[in-house]
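J.: predicted model follows, preceded by the sequence.
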Amino acid sequence: MAGLRQRFSPERSSNTTGPWDPANCHGGPPSALLARAVEQHNHDEGVEWQVARLTIELLRPIRVRQPLRVASTTERAGRRISVVTASLIDGENEVAGVRALRIRRREDEREDELPSGVVPASTMPAPVEESRPDVADFTDDRPSYVGHACEFRFASGGWNQLGECAVWIRLLQPVIAGESPSGLQRVAAAADFGNGVSADVDFTSWLYINPDLTIHLARPADGEWIGLRASSHLGGTGTGLAHSVLHDENGPLGLSLQSLLVEPR
């Protein structure tokens, strides 16, 4: 079933610039835009959907300040479970896509019988207000996603420290002008940082690009701040994996994974 079809040319698209090439976007903004496409997709009457999984594939470089079209469709229809796909299209080329698993939302009358902590018990080492603000030193005065569209507060680790870290991320710009980002959009915008904040190799010497991002959510995100307890694992054969436990200020809410392309600059 056909769904959303829209065209976007964001006013602040320079703030989507990524770290690898100033002509191309960071993966966070297109991931958030695809999350929005899933949310905006036509809903079945009488069913309130919540997204349990997003699998995003970044298929081609996404050019800064280039108009994009969004198209979505229902791949699997159902009353309790459905699957929606959406694409970002530059001209005639699909540059990114998402496959989303939606589960019917309901309030369980026996909710008090369910155990708490439905994701791993890992927690952020410090809340937002006790975490350290930090600005990436590899950014400059040019608009960029890292430097101008997000705020970072590190509970452990930091931009200049290799290895596992815990960071709170707040999106400072709307995904679409005039709209307040949803919790799902904030999660998608933040989760793409997992490999960047937990790198095991130096940014100036190595590429560790993620061509995909998979997010599993046990519950919807609440509030503006999304926390990542992130670590990266390199395979030594040109591949790697970044793993994050996702949080909001109420606690853990899900997991994200990124496959990595790893090679010398």
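T.: Nice, I can see it. Numbers count the residues shown, from 1 in each chain.

J.: what residue is smack in the middle of the protein?
T.: Central residue of the chain (Cα atoms, centre = their mean): residue 188, 2.2 Å from the mean position.

J.: which elements pack onto the host helix or strand of that one?
T.: Residue 188 is part of helix 183-191, with elements assigned from DSSP states H and E. Contact partners of helix 183-191 among helices and strands, from 3 or more Cβ pairs under 8 Å, 6 or more residues apart in numbering; DSSP states H and E: helix 28-40, strand 49-58, strand 165-171, strand 212-217, strand 225-234, strand 239-248, strand 251-264. (Each C-beta comes from the backbone N, C-alpha and C, glycine too.)

J.: now that helix: mean pLDDT?
T.: Helix 183-191 comes out with an average pLDDT of 97.

J.: in it, which residues are buried?
T.: By neighbour count, with 16 or more other Cβ atoms under 10 Å as the criterion, the buried positions of helix 183-191 are 183, 184, 185, 186, 187, 188, 189, 190, 191.

J.: for residue 244, which residues are in contact?
T.: Residues in contact with residue 244 (Cβ atoms under 8 Å, 6 or more residues apart in numbering) are 191, 194, 198, 228, 229, 230, 231, 255, 256, 257.

J.: which helix or strand contains residue 151?
T.: Assigned by DSSP H and E, residue 151 falls in strand 150-156.

J.: re the thing from before, as a markdown table, the helices and strands packed on helix 183-191 with distance to residue 130 and mean pLDDT would be great.
T.: Listed next are the helices and strands packed on helix 183-191 as a markdown table, based on distance: least, Cβ to Cβ, whole Å; pLDDT from 0 to 100:
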| stretch | distance to residue 130 | mean pLDDT |
| --- | --- | --- |
| helix 28-40 | 25 | 93 |
| strand 49-58 | 30 | 95 |
| strand 165-171 | 10 | 97 |
| strand 212-217 | 25 | 97 |
| strand 225-234 | 12 | 96 |
| strand 239-248 | 14 | 96 |
| strand 251-264 | 16 | 95 |
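
J.: export those as CSV, with columns for distance to residue 155.
T.: CSV is the format used below for the helices and strands packed on helix 183-191 (distance: least, Cβ to Cβ, whole Å):
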stretch, distance to residue 155
helix 28-40, 20
strand 49-58, 24
strand 165-171, 4
strand 212-217, 20
strand 225-234, 7
strand 239-248, 10
strand 251-264, 14
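
J.: among those, which is nearest residue 144?
T.: helix 28-40 (11.0 Å; Cβ to Cβ).

J.: got a list of what residue 62 touches?
T.: Counting by Cβ under 8 Å, 6+ apart, the residues that residue 62 touches are 24, 25, 30, 68, 88, 90, 95, 96.

J.: quick check: closest non-adjacent residue to it.
T.: Closest residue to residue 62 apart from its sequence neighbours, by Cβ to Cβ, 6 or more residues apart in numbering: residue 25 at 4.2 Å.

J.: touching, that neighbour and residue 17? I think so.
T.: Yes: judged on Cβ atoms under 8 Å, residue 25 makes contact with residue 17 at a distance of 6.8 Å.

J.: overlap of the contact sets of those two?
T.: 64, 145.

J.: returning to that earlier point: out of the contacts of residue 244, which comes closest to residue 79?
T.: So of these, ranked by how close each gets to residue 79 (Cβ to Cβ), first place is residue 255, at 26.6 Å.
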